[in-house]
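**Q** sequence? don't have it. structure:
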């Protein structure tokens, strides 16, 4: 009986001490997994914030309020970083184009294209409803000052 108790005590001691060593031996891996989990949480929050800013931009476009954001700085401060940026030339006029859309909806999503002149002032925009591809044409661009009521010639 004493031998069995001693054996059980030693077995319990060995079991407890070996699990502690396992935790210490794999601490780096456990910390890495914890870091991945925290990074995923940060990414989800970033996507959520970007989508909220895009929805504010959509509301501004649809309510003809883009004239309240006359330049790149005011757009950036209000709606964040664009998803895409490109320099183009339309009818010998250079533009910087910023494209906004939902963060994780690559296809079939609403898109807003903002066209800035060389002085970084917002000169025109193009709104693409979900699922519709709009080719970039000077004729189709809408003046910011006149919102969507008139188009450029």
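**A** On my side now, so go ahead. All figures in this text were calculated on a predicted structure; none of them were measured in a lab.
**Q** which other helices and strands contact the strand or helix carrying residue 50?
**A** Assigned by DSSP states H and E, residue 50 belongs to helix 27-62. Applying 3 or more C-beta pairs under 8 Å, 6 or more residues apart in numbering; DSSP states H and E, we find helix 27-62 packed against helix 72-79, strand 93-101, strand 111-116, strand 122-128. Every residue, glycine included, has its C-beta placed from N, CA and C.
**Q** Minimum distance to residue 65: which of the ones you listed has it?
**A** For residue 65, the closest of the helices and strands packed on helix 27-62 is helix 72-79, at 10.5 Å, according to C-beta to C-beta.
**Q** Buried residues in the closest one, which are they?
**A** Residues of helix 72-79 classed as buried by neighbour count (16 or more other C-beta atoms under 10 Å): 72, 75, 79.
**Q** Including distance to residue 58 and pLDDT, could these go into JSON lines?
**A** JSON lines is the format used below for the buried residues of helix 72-79 (distance: C-beta to C-beta, whole Å; pLDDT from 0 to 100):
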{"residue": "72", "distance to residue 58": "19", "pLDDT": "91"}
{"residue": "75", "distance to residue 58": "13", "pLDDT": "91"}
{"residue": "79", "distance to residue 58": "10", "pLDDT": "91"}
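**Q** For residue 68, which residues are in contact?
**A** 60, 74 (C-beta atoms under 8 Å, 6 or more residues apart in numbering).
**Q** What's the per-residue pLDDT of it here?
**A** Note on residue 68: pLDDT of 88.
**Q** How much space separates it from residue 105?
**A** Using C-beta to C-beta, to the nearest Å, we find residue 68 at a distance of 26 Å from residue 105.
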